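A.B. asks: with the input below, show me the fold.
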Amino acid sequence: MARINLHGMGVALITPFRSDKSVDYDALARLLEYQVKSGVDFLVVLGTTAETATLTADERNEVKRFVAERVAGRVPLVLGCGGNNTMGVIEDLKNSDLSAYSAILSVVPYYNKPSQEGIYQHYSAIAKASPLPIILYNVPGRTGVNMTAETTLRLAAEHENIIGIKEASGNISQMDDIIKHKSPDFMVISGDDGITFPLITLGAVGVISVIGNAFPKEFSKMVRLALAGDYDNARTIHHRFTELFSLLFVDGNPAGVKCLLHAMGYIENELRLPLVPTRITTYEKIRRVLDTLN
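C.D. replies: All right, here's what the predicted structure looks like:
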């Protein structure tokens, strides 16, 4: 299986909705053009930021098809494909048209709270069934369980098609431990915009970004400067966005970035329950920060 290069900035795409809560494909098409023309390195489709848990099976299939058709091979696409039913994930992989996608991003099983051995066996089963390379996704703040560095390294060593991890544990020591002991071609990708710069200085290869939905050109420039070792100029851009990093998550994700995109005129400020838009006070703060960045 050919290895794919996912260095740089990937964007965890949102799913825009209309006021009647239907998927807004016109807005999605505008966003895709904005991303591709701004020079993003890859796009992640149907991840957490896409509110995938609230989409029907038909909607997920249509979003997957629509994005592939509109992007038309201009940048690599990564498909979110995970869950807390291992056999269900395997069935999805077997029954999905993955021809337009370069890799899958698969989250640590949530709610069940499996042991480290359970996490290992879950991913091992997926690795044996997947026709595409796999990026692990560790986000204990959402799943309720942390995948340790030991489990990550074990999976990377034993399965050639497990090619990287999106690390969003917030534990820099754990991420550094993975970077220190991994093979040279295993990719550690930041899952948190706010720590992308310091994580790249430790050896991460980039980010799967939320803020990149709104500022793809600027944030990908920061990532590329950091990867090139130009830390002074990368740090300057990083510091421009530090206030926004926290504001985008104060009322949850993707409420913050949808608020930002709405303020920029790209989408309606609509989410699906149980998620709701940001508070008015957060919206006003985001608008103020946006004014300073423009």
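A.B. asks: just the strands in the stretch 51-200 of the chain please.
C.D. replies: Per DSSP state E, counting those that start in this stretch, the stretch 51-200 of the chain carries strands over the ranges 77-80, 103-107, 134-138, 162-167, 187-190.
A.B. asks: show me where this structure dips below the pLDDT cut-off.
C.D. replies: Within the chain, the segments meeting pLDDT under 70 span 1-2.
A.B. asks: wait, doesn't Phe241 sit right on Ala214?
C.D. replies: No. Assessed by CB atoms under 8 Å, Phe241 is found out of contact with Ala214, at 10.1 Å. To be clear about C-beta, it is placed using only N, CA and C from the backbone, and glycine gets the same treatment.
A.B. asks: of the two, which one has the most company?
C.D. replies: Ala214 (27 against 21; other CB atoms under 10 Å).
A.B. asks: for Met264, see how far away the more buried one is.
C.D. replies: According to CB to CB, to the nearest Å, Ala214 and Met264 sit 6 Å apart.
A.B. asks: before we move on, what about Asp176?
C.D. replies: Asp176 is 35 Å from Met264, by CB to CB.
A.B. asks: same question for Leu13.
C.D. replies: Distance from Leu13 to Met264, by CB to CB: 15 Å.
A.B. asks: name the residue in the two with the higher neighbour count.
C.D. replies: Leu13 (26 against 15).
A.B. asks: tell me the contacts of that one?
C.D. replies: Applying CB atoms under 8 Å, 6 or more residues apart in numbering, we find Leu13 in contact with Leu31, Leu32, Gln35, Leu43, Val44, Val45, Gly47, Thr49, Ala50, Val67, Asn213.
A.B. asks: of these, which is the nearest to His122?
C.D. replies: Set against His122, the nearest of those by CB to CB is Gly47 (18.0 Å).
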